[in-house]
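In: dropping the sequence and predicted coords here.
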Amino acid sequence: MERLLIYGSYGYTGRLIVREAVSRGESPAIAGRDGKQVSEQAHENDLEGRTFSLEADMASHLAEFDAVLNCAGPFVETAEPLVEACLETGTDYLDITGEFRVFDRIRRQDDRAREKGITLLPGVGFDVVASDCLAAFLSERLPSADELAIGVAGMDSRRGIPAPGDVSRGTAKTLFSGSATTNVIRKSGSLVRVPIGFRSRKIDFGDGPEHAVTIPLGDVVTAAQTTGIENVEVYAAMPSWTDPAMSALGSAAWLLESRPVQTLAEPAIDALIHGPGESTLETGETVVWGEVRNGERTVRGRIRTPNPYALTAKSAVEAARRVLEGTVPSGAQTPANAFGSEFVLECSDSERELLESPAVVDVES
């Protein structure tokens, strides 16, 4: 019987994933650094618990498992040691990151993973399942496309900055780790660093054109890997009045990434951030918009998804199940490459539409 280990199981998103797995009748083992939290969660769910840090001999902990699902962020710190251990033990690796650096590093391990016969599948949560499936769907309809844009609107993003109740502690810590202050786009096949709020445009997420600005989501790596398109930009809906704040954020990036600020931020996040409540999980939604172009034609589409954390719980558990079945190719994969462009619709109550006569979407700057 195939065995799954969920690492970082007691964080906000990890708990949702464990709850989803148990509700399906599955019995994954759970693990993390904090022995007390692991023990309590294992007892609550009648699961096997393990305690070990990323500085431990992880190969000895992973050897008996067929796959590990990493839920411990920031993933820029946790993914690499776990991937190395998986390569040593022949264990399939999944995670729920949205960090472009992590996707890029894991993509570079493709040859080693193929040699070992294991699957490396980061991004099986909202980032980047919804956007990756939409990118694949649009690319299938315009295979000659050489430009791709992805846009996201949801939670309180249209107010500019997510409210504390919209995000988990792990997401907040990732934002403070520098992932939100280093902006990149993909241009001619390479990642290019650009200022925060580098470009803005109007995007119709379903209620008319909205102001949106470039942000550093993982699609700059994964969408290119999925579709082969070498020019990729990712946008988030933000009111135009936040533009000065975005510029200030870019100027203050060095301060936010400094050790003293990081040290102060972590306990504050632990005290103030708790993640979305049940009502938000049940009623919240997000819209992902996409556009592919080839210089002559443009194809656009949208996917309306449940709350990102609710979707993550379902997509991560379903992705792990399929990997354990052995139907996913070895090597570094993306969600759409592994499961196809329909995956987001198969694992969640999401709705997709192809925009036959879309509203005009103009670049502002």
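Out: Arrived safely.
In: so how far is residue 326 from residue 117?
Out: 10 Å (Cβ to Cβ, to the nearest Å). All C-beta atoms are positioned from the backbone trio N, CA, C, and that covers glycine.
In: same thing with residue 89?
Out: Relative to residue 326, and taking Cβ to Cβ, residue 89 is found at 16 Å.
In: for those two, indicate the residue with more neighbours.
Out: More crowded of residue 89 and residue 326, by other Cβ atoms under 10 Å: residue 89, with 19 against 10.
In: tell me where the stretch 51-200 of the chain has strands.
Out: Using DSSP state E, counting those that start in this stretch, the strands of the stretch 51-200 of the chain run over residues 67-70, 92-95, 119-121, 147-154, 183-187, 190-194, 200-204.
In: spatially central residue in this structure, please.
Out: residue 127 (2.4 Å; Cα atoms, centre = their mean).
In: now do the same for that one: its pLDDT.
Out: Predicted confidence (pLDDT) for residue 127: 90.
In: isn't it right up against residue 98?
Out: Yes - between residue 127 and residue 98 there is a contact under Cβ atoms under 8 Å: 2.7 Å.
In: mutual contacts of the two, please.
Out: 217, 218 (Cβ atoms under 8 Å, 6 or more residues apart in numbering).
In: shaky segments in the stretch 201-350 of the chain?
Out: For the stretch 201-350 of the chain, applying pLDDT under 70 flags the ranges 241-281.
In: all strands for it, in order.
Out: 209-214, 232-237, 285-293, 298-306, 331-332.
In: now distance to residue 192 too, for the ones you listed, in a markdown table please.
Out: Shown next, in a markdown table, are those (distance: least, Cβ to Cβ, whole Å):
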| stretch | distance to residue 192 |
| --- | --- |
| strand 209-214 | 11 |
| strand 232-237 | 10 |
| strand 285-293 | 18 |
| strand 298-306 | 23 |
| strand 331-332 | 22 |
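In: nearest to residue 64, of those?
Out: strand 331-332 (23.2 Å; Cβ to Cβ).
In: can you map out the helices along the stretch 51-200 of the chain?
Out: Along the stretch 51-200 of the chain, the segments classed as helices by DSSP state H, counting those that start in this stretch run 58-62, 75-89, 100-107, 110-116, 126-141, 169-174.
In: can you pull out the helices in the stretch 201-350 of the chain?
Out: Using DSSP H, counting those that start in this stretch, helices in the stretch 201-350 of the chain cover 219-227, 243-251, 253-256, 259-272, 278-283, 308-324, 335-339, 343-347.
In: what's the first one packed up against?
Out: With contacts defined as 3 or more Cβ pairs under 8 Å, 6 or more residues apart in numbering; DSSP states H and E, the packing partners of helix 219-227 are helix 100-107, helix 126-141, strand 147-154, strand 183-187, strand 232-237, helix 335-339.
In: give me that answer again for 6 Å
Out: helix 100-107, helix 126-141, strand 183-187, strand 232-237 (3 or more Cβ pairs under 6 Å, 6 or more residues apart in numbering; DSSP states H and E).
In: quick one, which of these is packed in tightest?
Out: Counting by mean count of other Cβ atoms under 10 Å, helix 126-141 has the highest mean neighbour count of those, with a mean of 26.
In: got the domain ranges for this protein?
Out: 4-125+311-345, 129-308+347-355 (automatic domain parsing).
In: out of the ones you listed, deepest packed?
Out: domain 4-125+311-345 (a mean of 20).
In: distance between the ends of that domain?
Out: This stretch, domain 4-125+311-345, spans 24 Å end to end (Cα to Cα, to the nearest Å).
In: run through the stretch 1-150 of the chain and note the low-pLDDT ranges.
Out: 1.
In: what sits up against stretch 44-62?
Out: 22, 29-31, 33, 35, 38-39, 42, 68, 78, 81, 85, 88-89, 91 (Cβ atoms under 6 Å, 6 or more residues apart in numbering).
In: so which strand or helix has residue 27?
Out: Using DSSP states H and E, residue 27 sits within no helix or strand.
In: looking at the helices of the stretch 51-200 of the chain, spot the one closest to residue 309.
Out: Per Cβ to Cβ, nearest to residue 309 of these: helix 126-141, 7.3 Å.
In: measure residue 290 to residue 138 for me?
Out: From residue 290 over to residue 138 (counting by Cβ to Cβ), the distance is 5 Å.
In: and the residue sitting furthest away from the middle of the chain, what is it in contact with?
Out: If you look at how far each residue of the chain sits from its centre, by Cα atoms, centre = their mean, the farthest one is residue 296, at 31.4 Å. Contacts for residue 296 (Cβ under 6 Å, 6+ apart) come out as none.
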